[in-house]
Structure formats: structure tokens, C-alpha cells
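> build me a structure from this.
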Amino acid sequence: MKEVIQKIDRRTLLKGGAALGGGIIASGMPLSQVIWAAEGKVLKVAAQAELGSLDPGFYTSSYDVDVINCLYSKLTRFKPGSEWGWDLEAAEKIEQVDPTHIRFRLKKGIKFTGGYGEMTAKDVKFSFERIIKHKYWTTADLGPLDHVEIEDDHTGVIVYKTPFVPAWYITFPYSVGHIVSEEAVMKAIKDGGNFGMKPPAFSGPYVLAEWKQNQYALLTRNPEWSGPKPGFDEIRIVPIVDIKTAERAYQAGDVDFATIGPDSLATFKSNPPPDTKVEGYSSLHFVWLGMNMDNPKLKDINVRKAIQWAINVPQTLTAAYAGQANVATGPIPPGIVGHREKALVPPEGDLAKAKEFLEKAGVSDLQLTLDCDNIGIASTIAQTIQAQLSQIGITVQVNAQDPGSFWTIGQESAGDRWKDLQLYIQNYSGLPDPYYCTTSFVKAQVGIWNWERFRSDRYDELNDKAMTIEDPNERAKLYYEMQDLMEESGAYRFLTNDVTPVVYRTTKIQAGTRPDGVPLYLDFKPA
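Model prediction:
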């Protein structure tokens, strides 16, 4: 399980998708004139990245999953609202039989389009096992899933090698839980692999009617859908990578739902556009300053600790987020099992203590590089930290670069750049289970997504054990220790779990989101 590229792969693509500032909007022509004539009940939304794949087993970003949710049925689904929870979707019933066996029974009458018939347990088996067969990075979302046993047309048992508690908040309600048609996929892709942006059949409330890269995706009602009727006749999704362009598109009326920049949240709250609801959600993201422990300048833990203590996190967040984001205590955000009440290093740091660590290291006139991507607020974070480190005599050169370059800088498979990597600003997205937040930092991920090159046998042991424990209090204790180990290494300065600010037009829609502000389009309703 640990040998695959971890789930952060989708996070990287989340940041590094289309290079355009906003598809058709970037051309300056209103969407209403260029793409569609608005008829019927239409949901118009802005997404922060271009679609990469609509294959639920091979998705590339969370923005893919927002659309995938509309096109296929999965065993369970996240509930909208302020509390994390799940409901049944394709499953009529699902239960934990014992620690390694989960039995499901499908609802009858779920049809695949294109004449591919009713969804069966055989399709569930195919959908899960094809991901394992192709060894794609999304196998991490399946955990130690071994195989699926078929009992009858609608009933099966999911069999794990070892217990996997995160299945209930990662595997089933998220992307890999969606069921595809074995017959349709095998006909389209001979080895049953990734069909990308060409789905051979649908089983959800919508179908993909049209997609133009870097311009839009158009979803229309699935005429063969027999479940609850969704609120809109069409969903029109426009990729707008630049957050300020998305804000302007919303204000111009081109879209009715958009994510805005955290630095704009206070302004929108105090002076919202007409008929607009402004909401700021606690995110599942994890933003931090990382340090390459194998770089010669950072091998001494005293140097790393000096950097940790020199960084004033609240000051950094005021500059980058206008004070709208929380101070992180680790990779696990508030509201999730294992979230720590406080970090070992206080948020404000301590310059005197930072200087003591530098003296202990016997270092002076230290010059370092700080890498970040050039999208969003990472550059602001980097520049603030640059100023803070100058206060203890460390000179920092900020290298803001294109996401396509940045997101490979710590990967050994991309060459030797990782050897020169020193400091960097990282940002991963998450799901509501701590496993999703911590597995990236095991030893097997060194040189892949563990750019700090953090190695701890104890951490790996705890990570493996934690995914098997059902009791949330006992589980949390293991995650507390894991985050302590990360921080004690000196390689991490936790910054924020971010904030997700969204705006939507109350005269057009009632929005439905997860507790972290991620849209659940099937739960949107007309005003």
C-alpha cells in the first residue's frame, strides 16, 4: 500500500492544472454570450482548475471529483451541512461484518447509460479491483483492500488484508467509491484502465454533454436516472485558475457560485455584492514551511529549530490571509480525529530562542532558498517568512515558480533538483480522516511526496496502527504523537489549515456544501 504515489498527487494537480487565467472569461467575453443561452434551471459555477480525468479510479484533483459525483453512483456519499457524516447512495445497506469484511447490498434499478444494463455487485468488484490492478496512486484511497467477493447480483463483501477504519470517510464516499460499468469500460479500454475524459457510460443524475478544455464542462440530466431528481436541468462548470478572475466573474454575473480569495473574505463580508451569501469555511488543507533535512545547510537540527522559532505564524497569516485563516497545530485540521489543541512551538515563535539555536549550531551569515508556487498567496507567505528570518541573520532568496516546475522539485523521479531544495511552502488538501493527512510523511514517501525526507520508524508504526483502531479517542492519541514527532524533527513549521471562502447568488441558488465548503452540486437547489 505504501509503495504507491500517495493521494497528494491530486493535490499537486489541483494547483498546477490549466495555465490560463480563466478559460473563456480570460478573453473578456461574457459567458452568457459565448457558451450558452440560459434556458431552464441552470447552475453556473466556477472551478479552480481544469478537469483532468472523469474516471473515478484515476482522478487527478478534487475538482474532478466534484464533477464525478454528478456522473456516477457510489456506495455512500458525504452529507451536506456543518457536520461530517455520510448517507447511502448506490448501497441500500452497508455494514462492517468484522474488522476486515464489509458487506454491501446495492439498490436495484440503477442503470448504466448506453444500454449497459443494471449496476451489479460484479461492477463493484471490477471498479475497486481495477485500481489495484493498475497500481495507480489512488490505491492509497483503498487502503489494504484485497478483493471483493460476490454473493449475488446485488450483494457483495469487501475484503481487507488488515482493518481499515478510513474506508468510511475516504474510500466509500469519495472518488474511488464510484461504480463504473465493467462491460462499458472493458469495451472502451481493453485493459480496463483509465478512460480519462471519455466516460463510456454514466450511472448518476447527470451525463457529460460537452467538454471543451480550458473553457467549460456542460452536464445535463441523465434521462435514465431513476433516483431523486436533482435541482437543475444543467450544470455549467467553468475552470478559472486565477482566484481574482473568479471573483470578477462572479461580480459580473457570469457564474453564481465561486470560491474567492481568503484575502477578499473580509471585504466581501463587509460589502457583499447584491443578493450574495458570503461564507468562510474551515478548510481541510494543510499549509506549512518544509525543510529538506538532507540538504547540507539544514542537516543540523539546531538550524531547523532556529527557523521554526523565528517564524511568527499569526503575523504571516495576517499578511497572507488578512487574518481570516486559523493557526495550524499540525497537518490534521480542527474537527478531525487527532487534531492537536496546540503545537510544541508556540505560534508567535521566539526570536531570542531562535538565535540561541543558531549559536548552538555555530552558524552565521546563513543563506537559504525558499521555493513556492506563483499561484495564490504562497508568494506572500514566503516573503513574510523571508523578512522574519532576516531578524535572526538568515538571508533568504524566494523562488516563486510555475506550479508545473514547483510540484516536481522534491521528487527524485524528476531529477536531482531535490538535492538543492532547502525551504519551501507546501499546501496539501485533505479529507475528513487523519490517515489522509499523515500517510504522506512515512519513509516510503521520501523522494516522492515526503520532501522533508523525514524518517521515523516510530511514526510509520503509529501510522499503520492508527488506521486499524475504531475508538476515536484511542486513535487520536496515536496521531498526537505522530505530529509531535514531525515537529520535533525541526523539519516543519505548521502555518494554517486554510479557509475556504465561497460566494453564491441567493436569487438563483441554495448552495449545498461539505463542512469544509467544497461544493456538492447534487445538493444545490434553485432559489
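
> average pLDDT for stretch 264-272, rounded please.
Averaged over stretch 264-272, pLDDT sits at 92.

> what's that stretch in contact with?
243-244, 247, 260, 276, 278, 280, 322-324, 499, 501, 503 (C-beta atoms under 8 Å, 6 or more residues apart in numbering). C-beta: built from backbone N, CA, C; applies to glycine.

> so which of those residues are in strands?
Among the contacts of stretch 264-272, the members found in strands (DSSP state E) are 276, 278, 280, 499, 501, 503.

> pretty sure Leu71 contacts Thr220?
No: Leu71 lies out of contact with Thr220 (C-beta atoms under 8 Å); the separation is 11.0 Å.

> overlap in contacts, those two.
With C-beta under 8 Å, 6+ apart as the test, Leu71 and Thr220 both reach 206-207.

> which of those two has more neighbours?
Set Leu71 next to Thr220 and count neighbours by other C-beta atoms under 10 Å: Leu71 wins out with 22 against 16.

> contact partners for that one?
Leu71 makes contacts with 54, 199, 202-204, 206-208, 219, as judged by C-beta under 8 Å, 6+ apart.

> again, but for Met197
With contacts defined as C-beta under 8 Å, 6+ apart, the neighbours of Met197 are 51-54, 211.

> look at it and report its pLDDT.
Met197 is assigned 97 on the pLDDT scale.

> the longest helix that the chain contains: which residues count as buried?
Ordering each helix of the chain by length in residues (DSSP state H) puts helix 472-488 first. If you call a residue buried by 16 or more other C-beta atoms under 10 Å, then helix 472-488 has these buried ones: 475-476, 478-480, 482-483, 486-487.

> turn those residues into TSV, including pLDDT and distance to Arg453.
Output for the buried residues of helix 472-488, formatted as TSV (pLDDT from 0 to 100; distance: C-beta to C-beta, whole Å):
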residue	pLDDT	distance to Arg453
Arg475	98	27
Ala476	98	27
Leu478	98	23
Tyr479	98	21
Tyr480	98	23
Met482	98	17
Gln483	98	18
Met486	98	12
Glu487	98	16
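
> returning to what we had before: need the contacts of Leu71 in CSV (columns: distance to Thr395, neighbour count and secondary structure).
Shown next, in CSV, are those (distance: C-beta to C-beta, whole Å; neighbours: other C-beta atoms under 10 Å; DSSP: H, G, I helix; E, B strand; the rest coil):
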residue, distance to Thr395, neighbour count, secondary structure
Leu54, 47, 24, coil
Pro199, 52, 24, coil
Phe202, 56, 26, coil
Ser203, 57, 28, coil
Gly204, 54, 24, coil
Tyr206, 54, 24, strand
Val207, 56, 21, strand
Leu208, 51, 18, strand
Leu219, 51, 26, strand
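
> from those residues, which two are the most distant?
Farthest-apart pair in the contacts of Leu71 is Ser203 and Leu219; separation 13.8 Å (C-beta to C-beta).

> wait, isn't Pro334 in contact with Asn497?
Yes: counting by C-beta under 8 Å, Pro334 touches Asn497, with 6.8 Å between them.

> more neighbours, these two?
More crowded of Pro334 and Asn497, by other C-beta under 10 Å: Asn497, with 28 against 14.

> check contacts around the more buried one.
So Asn497 contacts 282-287, 325-326, 328, 333-334 (C-beta under 8 Å, 6+ apart).

> before we move on, back to that, quick one: which of the contacts of stretch 264-272 is nearest Ala527?
Nearest to Ala527, judged by C-beta to C-beta, of those is Thr276 at 12.1 Å.

> counting neighbours, what do you get for that closest one?
Applying other C-beta under 10 Å, we find 15 residues neighbouring Thr276.

> verify the contact between it and Val503 for me.
Yes: using C-beta under 8 Å, Thr276 makes contact with Val503 at a distance of 5.5 Å.

> where exactly do the helices run in the stretch 351-500 of the chain?
Assigned by DSSP state H, counting those that start in this stretch, the stretch 351-500 of the chain shows helices spanning 351-361, 378-390, 403-406, 417-420, 434-438, 457-466, 472-488.

> hey, least reliable of those helices by pLDDT?
helix 403-406 (a mean of 90).

> verify the stated contact: Gly81 with Pro515.
Yes: assessed by C-beta under 8 Å, Gly81 is found in contact with Pro515 at 6.8 Å.

> when the two are compared, which one has more neighbours?
For the pair Gly81 and Pro515, the greater number of neighbours falls to Pro515 (19 against 13), based on other C-beta under 10 Å.

> quick one, what contacts the more buried one?
81-84, 281-282, 335, 432.

> so where is the protein shaky, pLDDT-wise?
Within the chain, the stretches with pLDDT under 70 are 1-40.

> OK, contacts around the closest residue to Pro262 other than its chain neighbours?
The shortest distance from Pro262 to any non-neighbouring residue, by C-beta to C-beta, 6 or more residues apart in numbering, is to Tyr321 (4.3 Å). Tyr321 makes contact with 262-263, 377, 496, 499 under the criterion C-beta under 8 Å, 6+ apart.

> can we see that at 7 Å?
Neighbour list for Tyr321: 262-263, 377, 499 [criterion: C-beta atoms under 7 Å, 6 or more residues apart in numbering].

> please report phi then psi for the most centrally placed residue in the chain.
In the chain, the C-alpha nearest the mean C-alpha coordinate belongs to Ser429, at 3.3 Å (C-alpha atoms, centre = their mean). The phi/psi pair for Ser429 (degrees, to the nearest 10) reads phi -100, psi 170.

> from Ser61, how far off is it?
Taking C-beta to C-beta, to the nearest Å as the measure, Ser429 falls 9 Å from Ser61.

> repeat that for Pro144.
25 Å.

> for Arg221, what are phi and psi?
phi -60, psi 140.

> list only those of the ones in strands among the contacts of stretch 264-272 flagged as buried.
Applying 16+ other C-beta under 10 Å to the ones in strands among the contacts of stretch 264-272, the neighbour count classes 278, 280, 499, 501, 503 as buried.

> make TSV out of these and add distance to Leu389.
Output for those, formatted as TSV (distance: C-beta to C-beta, whole Å):
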residue	distance to Leu389
Val278	35
Gly280	30
Val499	25
Pro501	29
Val503	36
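
> Pro347: which of these is nearest?
Val499 (16.2 Å).

> what bridges to the closest one?
Ser282 (DSSP bridges).

> neighbour-wise, which one of the contacts of Tyr321 leads?
Neighbour-wise, the contacts of Tyr321 (other C-beta under 10 Å) top out at Pro262, 24 neighbours.

> ok, that residue touching Gly323?
No: with contact defined as C-beta atoms under 7 Å, Pro262 does not reach Gly323; the gap is 9.4 Å.

> quick revisit: now, the contacts of Met197 that are in strands?
Trp211.

> nearest to Ser440, of the contacts of Met197?
Gly52 (19.7 Å).

> what does the residue of the chain positioned farthest from its centre show for phi and psi?
Most distant from the centre of the chain: Gly362, at 40.5 Å, with distances by C-alpha atoms, centre = their mean. Dihedral pair for Gly362: phi 70, psi 30, per degrees, to the nearest 10.

> buried sites along stretch 503-510?
Buried, per 16+ other C-beta under 10 Å, within stretch 503-510: 503-505, 508-509.
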